[in-house]
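K.L.:
Need the 3D shape of this:
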Amino acid sequence: MKKQTRDVNIPSNIDFKDLAKLVAARMVFGLFLISAVIIFVVSELVNIQMLNYENTVKEMTENHLKAAVQTLAKLVSAEELDLFHTEEDTEKPEYQEIRERLKIFGNEYDVLFAYYWRDYGDGIMQYIIDNDPDPETQVGPGDFEDIEEEAAFSALAGMVGVTELGDYTLEWEDLLTAYAPVFDKDGNVYCVAGVDIEDEFIFTQRQDARRMKLLQLIAIPLAIVLAVLNMVLYRRKTKQIEAAHVKLQYFNNNLRRAFSTYLSDDVVEEIVSDPTRLKLGGIKRHMTVLFTDVKDFSRIAEALAPEQLVDLLNYYLSTMSDVILEQKGTIDKYQGDAIVSFFGAPLELSDHALRACVSAIIMKRLETEVNNYVAEHKLSSTPLLTRIGINSGDMVVGNMGTQKKMNYTIIANAVNLAARLEGLNKQYGTWILASEATVSETAGRLLTRQLDRVRVVGINEPVRIYEILEIKSEASPEMIEMVDRYHKALDIFRTHEWAKAEAAFSHVLKIAPNDGPSLLFLNRCRRFKETPPLPNWDGVFNFKEK
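P.N.:
All right, here's what the predicted structure looks like:
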């Protein structure tokens, strides 16, 4: 019998090799796709970072332009610019002086061109002056140009305008521009200030970002290389933006350091956020000045070792200065134990007089705490008692001195009067004396009492003075009653009925036995009973000592 067999197909070696190639190809293709997806995701993340970076550059550039042009808008007044309307006006010495100011401004703010122009009508601008040092390219009253940019129209409408930073090409002559209105004394837009800076930085980074988008379309096998290039380029640009940020931070830190020693933190932050609110040089402003001095400090200092004296002064001045700063006052200077401060600059305060008086009241309240500390730490065997003088009026305030050494300070006859009032406390047995000008601006929120009309050293005009006692809403009933009886006695004194006035002041002293002003007027009554003043006496008391 013939044995039957079944045919079985067995793959040859060539079939196995083809299968291995197929599997390997699919694996490579799969890995290739996975790599492509990963690289695509990484590239997109880098692209997002570049967009964020581009927006950051635009924002910082726009802030720099705004800060520069707002400062320029206040650098030269409308009245000064109104002197120049024709080419002949450029020969005036005032024109050259303003051009020098613009050159200095350009260097300080890293601005290529700084200039002013006015609306000439019919959509045409007339240039007034610029900081260009090249006579061939500088512009003036003889140069005109069409008004086309939206930012320029914004400035004419009274707003700060910055040209769109995202639409620059090489045809823009590598310039970025901002405009700000210059107002006249009536609040109308007289002309427009403009600044130009080079746009190389922002234009280059935009071109780099576009190149990276194109590179991402190249074959996937090169994606890894592109990703690395993207990261390197992004890192380089990040360093540039970090360097710009460091420069800005350095400027802000220096500004903070310059003012933090004599301005409150919130005032410093307002100045840092808007440096244009600071004006170099002196400006006239209605403000209030406050002088302090410690009673018999020379005798206290003589009894202390130098190290103890330094510790005592540091503690006392820090405590009292904090009160002034909390009320948004400015520390002008320290003169030994004395503090000179003012309220209403560099930032204007409508309630500067009230803030100064409240500062004085809080200082006197703190004396118990201060002297407990002084006694506990054996800094002085004698209590520290502060005399204070306050006056309000027109003063000149600003950075004064030389270019190398400046001091933010105040100058005026009103300042001298505050110093004299501080010294007058010794005569009246008081602690806080203020002028009528100051008290009249406190809106009746303080408990005060009239004293005299006085004439002090160096000031011929008589001044009515008041003692500041307490915030009215926080005064005790006993203090209010004492002040009421004192004023009734003072009214009698002014009628020259010396015996009745003597009895009235004696009654006040039964409530407050150590009341300095009542003791002073009581002695005057007794003296005037014996030797009355001359019939033509105007009621003014003259003090010839400081």
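K.L.:
domain parsing for this protein?
P.N.:
Domain segmentation of the chain under automatic domain parsing yields 20-260, 279-469, 476-546.
K.L.:
what's the most buried one of these?
P.N.:
Highest mean neighbour count of the domains of the chain: domain 279-469, a mean of 18 (counted as mean count of other CB atoms under 10 Å). Any C-beta I mention is one placed from the backbone N, CA and C, and that applies to glycine too.
K.L.:
For the protein, which element, helix or strand, carries the lowest mean pLDDT?
P.N.:
helix 200-215 (a mean of 57; mean pLDDT, DSSP states H and E).
K.L.:
Just give me the lowest mean pLDDT stretch among the domains of the chain.
P.N.:
In terms of average pLDDT, domain 20-260 trails the rest of those, at a mean of 75.
K.L.:
Now the closest residue to residue 386 other than its chain neighbours: which helix or strand?
P.N.:
Once flanking residues are discounted, residue 386 sits nearest to residue 292: 5.3 Å by CB to CB, 6 or more residues apart in numbering. Element membership for residue 292 (DSSP states H and E) is strand 282-294.
K.L.:
Neighbouring strands - and their directions - for that strand?
P.N.:
strand 338-343 (antiparallel), strand 386-401 (antiparallel) (DSSP bridges).
K.L.:
Minimum distance to residue 411: which of the ones you listed has it?
P.N.:
Smallest distance to residue 411 across those (CB to CB): 4.8 Å, for strand 386-401.
K.L.:
C-terminal to the closest one, what's the next element?
P.N.:
Downstream of strand 386-401, the first helix or strand assigned by DSSP H and E is strand 406-411.
K.L.:
helices or strands next to that next one in the packing?
P.N.:
Counting contacts by 3 or more CB pairs under 8 Å, 6 or more residues apart in numbering; DSSP states H and E, strand 406-411 packs against strand 282-294, strand 330-335, strand 386-401.
K.L.:
and it, how far from the chain's centre?
P.N.:
15 Å (CA atoms, centre = their mean, to the nearest Å).
K.L.:
beta partners for residue 448?
P.N.:
residue 468.
K.L.:
quick one: residue 361 is in a helix?
P.N.:
Yes: assigned with DSSP: H, G, I helix; E, B strand; the rest coil, residue 361 falls within a helix.
K.L.:
mind checking how far it is from residue 390?
P.N.:
To residue 390, residue 361 is 11 Å away according to CB to CB, to the nearest Å.
K.L.:
Residues contacting the host helix or strand of residue 322, please?
P.N.:
Using DSSP H and E, residue 322 maps to helix 306-326. The contact list for helix 306-326, computed with CB atoms under 8 Å, 6 or more residues apart in numbering, reads 263-265, 290, 292, 294, 300-301, 304, 330-331, 334, 336-337, 339, 341, 359, 362-363, 366, 370, 373-374, 377, 379-380, 384, 386.
K.L.:
Specify the angle between that helix and strand 330-335 in degrees.
P.N.:
Interaxial angle, helix 306-326 versus strand 330-335 (axes from the mean of the first three to the mean of the last three CA atoms, to 10 degrees): 160 degrees.
K.L.:
what ranges do the strands span in the stretch 351-500 of the chain?
P.N.:
Listed from the start of the chain, the stretch 351-500 of the chain has strands (DSSP state E, counting those that start in this stretch) covering 386-401, 406-411, 432-435, 446-455, 463-471.
K.L.:
List the contacts of the last one.
P.N.:
What that stands for is strand 463-471. Contacts with strand 463-471, where a contact means CB under 8 Å, 6+ apart, come from 357-358, 360-361, 390, 417, 421, 424, 428, 430, 432-436, 438-439, 445-456, 475-476, 479, 483, 517.
K.L.:
cutoff 6 Å now
P.N.:
Residues from elsewhere that reach strand 463-471 (CB atoms under 6 Å, 6 or more residues apart in numbering): 357, 430, 432-436, 439, 446-451, 453-454.
K.L.:
Kindly report the same for stretch 373-383.
P.N.:
For stretch 373-383, the surrounding residues in contact (CB under 6 Å, 6+ apart) are 300, 311-312, 371.
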